[in-house]
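Participant: quick check, what structure comes out for this input:
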Amino acid sequence: MNFVLIGVNHKSAPLAVRERLAISPARLQEATQSLLGVPCVREGMVLSTCNRVEFLTYQEPVQADLLEFIQNYFAVDMTALRPYLYEYRASEAIRHLFRVAASLDSLVVGEPQILGQVKESYTVARSVGAVNSNLEPLLQRSFTVARKVRNQTSIGVSAVSIASVAVDLARKIFGSLQGKTVLLVGAGKMGELAARSLAQQGASTIYLCNRTDERAEALAQKFSGQLAGNGPSLAQPVPYASLHEYAAMADIIVTSTGAETPIFNSTHAHAYAARRKQRPMFFIDIAVPRDVDPEINRVEGIFVYNIDDLQAVAVSNMANRAKEALDAEAIIRAEVHRYTERMQTLDAVPSIVALQQNLEEVRQNELRRVAPRLAGLSSEQLQAVEQVTRALVNKLQHAPIQAIKRAAREGDRETLAVIQTVLDMGSGPGLSENATAQPAQPGPVAQTSGATETTASIPFAPVKVDCPQ
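Facilitator: Purely as a prediction, here's the structure:
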């Protein structure tokens with residue numbers, strides 16, 4: 001299982017680090033292709049959200065320098081970045097992927113958006129040929145596990161999102177959103193979720209602004225009906241060119257764009273403060289990279305909360321879902337064990353095939369050797385000899401096959417090597433990771449051929465190599 005995953009998330013790294021590594025949707029394909037260009041990386045996927053940036057790879061051999069890749073791709077000082085990175089291999093990488101897809105590793109445990117984000121990354125990776133025979137079944141299984149967790153636990157009941165937590169923070173700040181004016185900047189998925197939560201919390205006026213005015217207009221139309229039920233409410237699209245004019249009128253600005261640099265800075269904040277005449281103003285920035293320059297916090301009367309500030313609000317959500325999270329973790333453990341055992345059993349296939357081939361060749365050779373002495377037997381008697389010798393071989397290979405499977409499940413490469421030597425399998429595919437031997441096809445004695453000599457591959461300690469592309 002040559003899976004290696006490396007990355008940062010909201011638990012391991014502050015926002016300032018995560019936004020330095022953030023990859024926009026427009027760059028995801030190019031980033032995946034760059035990852036695939038790393039020596040020894042045979043398959044790969046890049047996941048970049050507001051709370052994590054991760055690189056999942058399948059390597060042959062497991063010697064790819066992903067740290068060097070990150071350093072070069074992002075032009076970052078690896079010495080400063082290294083303390084924030086985590087790395088998982090083999091079954092631990094599988095476990096981490098399953099937990100991420102099932103939303104157990106999210107800032108808001110149980111939020112459903114992360115599974116969609118993993119699927120989007122998978123689709124991009126697949127489109128550039130970065131997902132094949134190794135990552136394909138693993139990722140498909142992660143989707144199945146995520147659905148299983150959601151179906152068999154209550155972790156997704158009354159699901160909340162980062163956007164809804166942001167709105168909840170706004171409600172806590174003001175006590176109530178009744179009569180408050182909100183500017184929502186960004187009409188993507190996160191913006192849509194925020195708009196729904198704002199409507200449910202009774203915000204009186206919501207201005208919707210997006211770089212693409214048509215998208216803001218569509219979202220405003222979608223939610224105007226919901227807001228109308230709360231009294232004299234309004235969901236109004238505003239042109240992006242008029243962003244700062246409407247920002248000055250807002251009590252709360254929730255922003256979640258994909259901008260590479262801040263769209264609100266200190267100059268803007270001072271202008272807002274002058275127009276608002278002592279009335280406080282709150283920014284809730286749930287974008288990564290940030291939409292709001294943190295220096296704005298220094299402007300009197302204006303307060304900025306970023307996505308890391310939402311963690312305190314999210315903790316209460318986690319407390320309410322502790323039981324469901326424990327049930328979900330139990331499902332994950334069982335699924336990781338099942339998948340790992342399956343993968344390890346597959347690792348044993350080349351050795352089992354080699355054993356079967358060698359024993360079948362011995363049987364056929366012995367039958368050919370005594371063929372003259374069997375010439376006087378009837379067809380029924382010859383068939384009986386065939387059946388007896390085949391049954392004998394099956395009995396002889398049963399114990400070694402079970403030993404091979406047990407050693408594979410336990411990751412015991414030394415025992416596999418000993419079994420290979422004892423059974424004189426040095427000429428078979430054996431433990432070679434790239435063995436492509438096929439099971440021997442039994443047939444009449446006269447149709448067999450001699451053994452073919454190949455070389456077994458025994459694992460050794462990894463060294464720095466130039467991996468063939």
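
Participant: what residue ranges in the stretch 201-350 of the chain score low on pLDDT?
Facilitator: Counting by pLDDT under 70, the stretch 201-350 of the chain contains low-confidence residues at 224-234, 312-313, 315-320, 346-347.

Participant: if we go to 80?
Facilitator: Within the stretch 201-350 of the chain, the ranges that satisfy pLDDT under 80 run 201-204, 222-235, 311-323, 343-350.

Participant: the helices in it, which residues?
Facilitator: Per DSSP state H, counting those that start in this stretch, the stretch 201-350 of the chain has helices spanning 213-228, 243-247, 266-276, 311-320, 322-369. These are given in chain order.

Participant: select, out of those helices, the one closest to residue 107.
Facilitator: Proximity to residue 107, assessed across those by C-beta to C-beta, is greatest for helix 311-320 (5.3 Å). To be clear about C-beta, it is placed using only N, CA and C from the backbone, and glycine gets the same treatment.

Participant: I'd guessed residue 262 sits against residue 292; true?
Facilitator: Yes. Under the criterion of C-beta atoms under 8 Å, residue 262 is in contact with residue 292, at a separation of 6.0 Å.

Participant: between the two, which one's more packed in?
Facilitator: Neighbours were counted for residue 262 and for residue 292 using other C-beta atoms under 10 Å; residue 292 has more, 24 against 20.

Participant: so what's the residue count around the spatially closest residue to that one that is not a sequence neighbour?
Facilitator: Once its chain neighbours are removed from consideration, residue 292 has its nearest residue in residue 285; the separation is 4.2 Å (C-beta to C-beta, 6 or more residues apart in numbering). Residues near residue 285, counting by other C-beta under 10 Å, number 28.

Participant: tabulate the helices of the stretch 201-350 of the chain (CSV), appending distance to residue 105.
Facilitator: As requested, those are exported to CSV (distance: least, C-beta to C-beta, whole Å):
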stretch, distance to residue 105
helix 213-228, 29
helix 243-247, 34
helix 266-276, 34
helix 311-320, 12
helix 322-369, 10
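
Participant: of all these, which lies closest to residue 133?
Facilitator: When those are ranked by distance to residue 133, counting by C-beta to C-beta, first place goes to helix 322-369 at 10.8 Å.

Participant: could you list the buried residues of the helix or strand following the closest one?
Facilitator: Using DSSP states H and E, the helix or strand that follows helix 322-369 towards the C-terminus is helix 379-409. When neighbours are counted by 16 or more other C-beta atoms under 10 Å, the buried residues of helix 379-409 are found to be 382, 386, 389, 393, 397, 400-401, 403-405, 407-409.

Participant: tell me the strands in the stretch 101-250 of the chain, going along the chain?
Facilitator: Listed from the start of the chain, the stretch 101-250 of the chain has strands (DSSP state E, counting those that start in this stretch) covering 181-185, 205-209, 234-237.

Participant: circling back: can you tell me which of the helices of the stretch 201-350 of the chain is nearest to residue 194?
Facilitator: Evaluated over the helices of the stretch 201-350 of the chain, closeness to residue 194 peaks at helix 213-228, with 10.2 Å, by C-beta to C-beta.

Participant: let me have the strands of the stretch 101-250 of the chain in CSV, extended by distance to residue 50 and mean neighbour count.
Facilitator: Compiled in CSV, the strands of the stretch 101-250 of the chain are given as follows (distance: least, C-beta to C-beta, whole Å; neighbours: other C-beta atoms under 10 Å):
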stretch, distance to residue 50, mean neighbour count
strand 181-185, 15, 26
strand 205-209, 19, 26
strand 234-237, 24, 19
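
Participant: so what's residue 300 closest to, chain neighbours aside?
Facilitator: Closest residue to residue 300 in three dimensions, ignoring its sequence neighbours and counting by C-beta to C-beta, 6+ apart: residue 273, at 6.5 Å.

Participant: residue contacts, the one you found?
Facilitator: By C-beta atoms under 8 Å, 6 or more residues apart in numbering, residue 273 lies in contact with 281, 299-302.

Participant: please apply the same query to residue 94.
Facilitator: Residues counted as contacts of residue 94 (C-beta under 8 Å, 6+ apart) are 1, 3, 138, 336, 339-340.

Participant: how near is it to residue 111?
Facilitator: 22 Å (C-beta to C-beta, to the nearest Å).

Participant: please name the bridge partners of the residue nearest to residue 292.
Facilitator: residue 255, residue 306 (DSSP bridges).

Participant: can I see the domain layout of the protein?
Facilitator: Residue ranges of the domains in the chain are recorded as 3-152, 162-319, 348-447, according to automatic domain parsing.

Participant: how about the nearest residue to residue 164, chain neighbours excluded?
Facilitator: What sits nearest to residue 164 in space, not counting adjacent residues and going by C-beta to C-beta, 6+ apart, is residue 197, at 4.2 Å.

Participant: my read: the one you found touches residue 163, true?
Facilitator: Yes. Under the criterion of C-beta under 8 Å, residue 197 lies in contact with residue 163, with a separation of 6.1 Å.

Participant: quick revisit: mind checking which of the helices of the stretch 201-350 of the chain is nearest residue 47?
Facilitator: Set against residue 47 and scored by C-beta to C-beta, these come closest in helix 322-369, at 17.5 Å.
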